[in-house]
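Asker: Okay, here's the prediction I keep looking at, along with the sequence it came from:
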Amino acid sequence: MDYFPIFLRLAGEPVLVVGGGEVAARKIDLLLRTGAKVTVVAPELLASLADKARIGEIEYIAGEFRPELLDGKRVAIAATDKHAINAWVAHQAERRNIPVNVVDDRELSRFIVPAIVDRSPVVVAVASSGDAPVLTRRLREKLESFLPSRLGALAKLAGSLRTAVKGRIENAGARRRFWENFFDGEIASDVLAGRADAESADTRARFDEALQRAGGEPIAPGEVVLVGAGPGDPGLLTIRALRALQNADVVLYDRLVSEEIVDLARRDAERLYVGKAAGSAHVSQEQINSLLVRLAKQGKRVCRLKGGDPFIFGRGGEELEALAAEGIRFEVVPGITAAAGCAAYAGIPLTHRDHAQALTFVTGHCKGETDKVDWELLARPGQTSVFYMGLGHLENIAAKLQEHGVPADRAAAVIEEGTRAQQRVVTGTLADLADKVREAAIQSPALLIVGEVTRLHDTLRWFNAAAAQRPSLIGAWSLAGNTEGRLSA
Ligand code: SAH
């Protein structure tokens, strides 16, 4: 992050604007909305600004900028059309440690002014660190059309009732739940739709009634939502998963869950990493189970985040058994499993009328277990087999399949970090894939797919990992419709 985003309270505070034209006028309008005490210095003023000066809305100093005008100011804005003057203002402000913005010149600016959507008291600010003003503006337009116009009225109503709610519901978690229900509920939707006036006695009475009801309820018991986070790309999260993440008080996540996804949790949610990591102690399955039980018993809403789908090689079943034994409420949100995600992003259809009529997900993990695999089944013609956790056993798997009659030239592929910006795909045959994978230094997580369908990767590949460095999920949504992530060549 290049800039620290803040909202600055300027009511009654002195601000200097250098320049008296259109550009200055726009900034002055914004400043006046915050109640700032604006002084403008310029040889001459736009008519609309001159009017403001006449009625005392702003103070006008006719003439050129002088450094001592900066003294005592909270903020300075240079908006002249002369680079030399702007640079001088910036320099003098910097010397005095006064934050300065030079309009349309980020080099000279200490702070930049974001594009805003104003639903006061709710204000959404968007900035691109000065890199892409047009993009910022488009995002602003999207937000403008997306945010209800009466959002401000709703926020004001909530603000005026905060003290009452605090008095009635002591427990902070219960209070948050009350507000969540409120914003999802009838009163809020009536206010947003214009069916109810936020400031009317009637609305207030409805609110009080809801509050009385909520205050009488005992603290809600905790619960666990077992959530599949998909293979990595945050765009593959389900809407339910996103909701569970944002409602959770605590998020427990594994190694396979990407950072961008964990970042989508509420800012004040506790995040607990329970995966394996070099250097830190491994959290055992029993410890995770009892942690889940303990947190839920404390009344917390727990989001248990797992890579892919929690019921596919994810030990989700074991964790739920532990919860069921203790009578704890739970829910399961399925996720896109690695096989589906990696295959899609590698352009490998897992079934195909010409090549594969059956599909099996197999664990390739640990030697003993590999022996439990039904190799006869996997060796049948028209079969696609997807091996999870098979990277370290690639040679063994290839050998076993051949022992059971699969030809050495059966096509296969390994996908490393599927669906992520670092995705790599190595294709080959049972005979040569292990060597190719070693050569490419493929690392975990990686998925092995065996079957003739993997040959289709050459013609159906579409995902350009390098181009997929998405800044965020929101970015991906807002830009829906563009073809980012596609191969241009
Ligand atoms: N529950 C998960 C699987 C957990 S087992 C799911 O449904 O996807 C872990 C194995 O999944 C890894 O060893 C690897 O084989 C595979 N895997 C998970 N995410 C992956 C990814 N992004 N790219 C490649 N393989 C992945």
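Answerer: Happy to help now that I have it. Predicted model only: the values in this text are computed from it and were never measured.
Asker: of all the residues in the stretch 151-300 of the chain, which ones are close to the ligand?
Answerer: Neighbours of the ligand within the stretch 151-300 of the chain, by CB under 6 Å from any ligand atom: 231, 232, 256. The C-beta positions use only the backbone N, C-alpha and C, and glycine is treated the same way.
Asker: Give me the distance between residue 160 and residue 92.
Answerer: 43 Å (CB to CB, to the nearest Å).
Asker: So which of the two has more stuff around it?
Answerer: With other CB atoms under 10 Å as the criterion, residue 160 and residue 92 differ in neighbour count, and residue 92 comes out ahead with 20 against 13.
Asker: Look up phi and psi at the closest residue to that one other than its chain neighbours.
Answerer: If you skip the residues right next to it in sequence, residue 92 has residue 67 as its closest partner in space, 4.3 Å away by CB to CB, 6 or more residues apart in numbering. Backbone dihedrals for residue 67, given as degrees, to the nearest 10, come out at phi -50, psi -40.
Asker: Give me the below-cutoff pLDDT ranges for the protein.
Answerer: Low-confidence segments of the chain, defined by pLDDT under 70, span residues 216-220, 277-281, 366-370, 465-489.
Asker: Walk me through the domains of it.
Answerer: If you go by automatic domain parsing, the domain ranges for the chain are 14-113, 151-215, 223-336, 340-467.
Asker: what's the first-to-last distance across the first one?
Answerer: So the one you mean is domain 14-113. Between the start and the finish of domain 14-113 there is a gap of 18 Å, counting by CA to CA, to the nearest Å.
Asker: before we move on, what about the second one?
Answerer: Distances were taken as CA to CA; on that basis the terminal residues of domain 151-215 are 25 Å apart.
Asker: List the beta-bridge partners for the residue of the chain found nearest the ligand.
Answerer: Proximity to the ligand, evaluated over the chain using CB to the nearest ligand atom, is greatest for residue 308 at 1.9 Å. For residue 308, the beta-bridge partners under DSSP bridges are residue 230.
Asker: what number of residues lie near it?
Answerer: Residue 308 has 30 nearby residues by other CB under 10 Å.
Asker: How about residue 425?
Answerer: Residue neighbour count, defined by other CB under 10 Å, stands at 24 for residue 425.
Asker: Shouldn't it be within a strand?
Answerer: Yes - under DSSP: H, G, I helix; E, B strand; the rest coil, residue 425 falls within a strand.
Asker: Do I have it right that it meets residue 457?
Answerer: Yes - with contact defined as CB atoms under 8 Å, residue 425 counts as touching residue 457 (6.2 Å).
Asker: What are the neighbouring residues in contact with the closest residue to residue 185 other than its chain neighbours?
Answerer: The shortest distance from residue 185 to any residue other than its chain neighbours is 7.4 Å, reached at residue 210 (CB to CB, 6+ apart). Neighbouring residues of residue 210 by CB atoms under 8 Å, 6 or more residues apart in numbering: 182, 185, 187.
Asker: Identify all contacting residues around the strand or helix carrying residue 181.
Answerer: Secondary structure from DSSP states H and E places residue 181 in helix 172-184. When contacts are taken as CB under 8 Å, 6+ apart, the neighbours of helix 172-184 outside the stretch itself are 154, 158, 165-166, 169, 188, 207, 210-211, 214, 217, 219-220, 247, 249, 299-300.
Asker: mind running it again at 7 Å?
Answerer: For helix 172-184, the surrounding residues in contact (CB atoms under 7 Å, 6 or more residues apart in numbering) are 165, 166, 169, 188, 210, 214, 219, 220, 249, 299.
Asker: Count the neighbours of the first one for me.
Answerer: The reference is to residue 165. Counted with other CB under 10 Å, residue 165 comes out at 18.
Asker: From residue 158, how far off is it?
Answerer: Noted for residue 165: a distance of 9 Å to residue 158, by CB to CB.
Asker: what do you get for the fifth one?
Answerer: Distance from residue 210 to residue 158, counting by CB to CB: 12 Å.
Asker: Same question for the third one.
Answerer: With distances taken as CB to CB, residue 169 is found 14 Å from residue 158.
Asker: and those two? which has more neighbours close in?
Answerer: Summary of the neighbour comparison: residue 169 and residue 158, criterion other CB under 10 Å, with residue 169 having more neighbours (21 against 18).
Asker: my read: that one touches residue 214, true?
Answerer: Yes - counting by CB atoms under 7 Å, residue 214 is a contact partner of residue 169 at 6.4 Å.
Asker: For the residue nearest to residue 92, grab the count of nearby residues.
Answerer: Counted with other CB under 10 Å, the burial measure for residue 67 works out to 13 neighbours.
Asker: Roughly how far does it sit from residue 126?
Answerer: In this structure, residue 67 and residue 126 are separated by 33 Å, where distance is defined by CB to CB.
Asker: secondary structure element for residue 422?
Answerer: Remark: residue 422 resides in no helix or strand, with elements defined by DSSP H and E.
Asker: and it, how many residues sit next to it?
Answerer: 14.
Asker: Counting by contacts, list what the lengthiest helix in the chain packs against.
Answerer: Longest among the helix segments of the chain by residue count, using DSSP state H, is helix 151-168. Helices and strands touching helix 151-168, as assessed by 3 or more CB pairs under 7 Å, 6 or more residues apart in numbering; DSSP states H and E, comprise strand 122-126, helix 172-184, helix 186-193, helix 201-216.
Asker: export these to TSV and tack on distance to residue 294?
Answerer: As requested, these are arranged in TSV below (distance: least, CB to CB, whole Å):
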stretch	distance to residue 294
strand 122-126	37
helix 172-184	16
helix 186-193	34
helix 201-216	26
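Asker: Chain neighbours aside, what residue packs nearest to residue 203?
Answerer: Nearest residue to residue 203 in three dimensions, chain neighbours excluded: residue 196, at 5.0 Å (CB to CB, 6+ apart).
Asker: typo on my end, residue 355
Answerer: According to CB to CB, 6+ apart, the nearest residue to residue 355 is residue 452 (4.2 Å).
Asker: Tell me both backbone torsions, phi and psi, for the one you found.
Answerer: In terms of degrees, to the nearest 10, the main-chain angles of residue 452 are phi -60, psi -20.
Asker: what about it, how many residues close to it?
Answerer: Each residue near residue 452 was counted by other CB under 10 Å, and the total is 18.
Asker: could you list every residue that touches it?
Answerer: The neighbours of residue 452, taking CB under 7 Å, 6+ apart as the test, are 355, 356, 411.
Asker: Could you turn the buried ones of the residues of the stretch 151-300 of the chain next to the ligand into a ChimeraX selection?
Answerer: Selecting only the buried entries of those in ChimeraX, with 16 or more other CB atoms under 10 Å as the criterion:
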select :231,232,256
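Asker: so which of the residues of the stretch 151-300 of the chain next to the ligand comes closest to residue 402?
Answerer: residue 231 (28.8 Å; CB to CB).
Asker: just checking, the residue of the chain closest to the ligand touches residue 227?
Answerer: No - counting by CB under 7 Å, residue 308 stays clear of residue 227, with 10.9 Å between them.
Asker: shared neighbours of the two, anything?
Answerer: Applying CB under 7 Å, 6+ apart, one finds that residue 308 and residue 227 are jointly contacted by residue 335.
Asker: which residues does residue 425 form a beta bridge with?
Answerer: Taking DSSP bridges, one obtains residue 415 as the residues bridged to residue 425.
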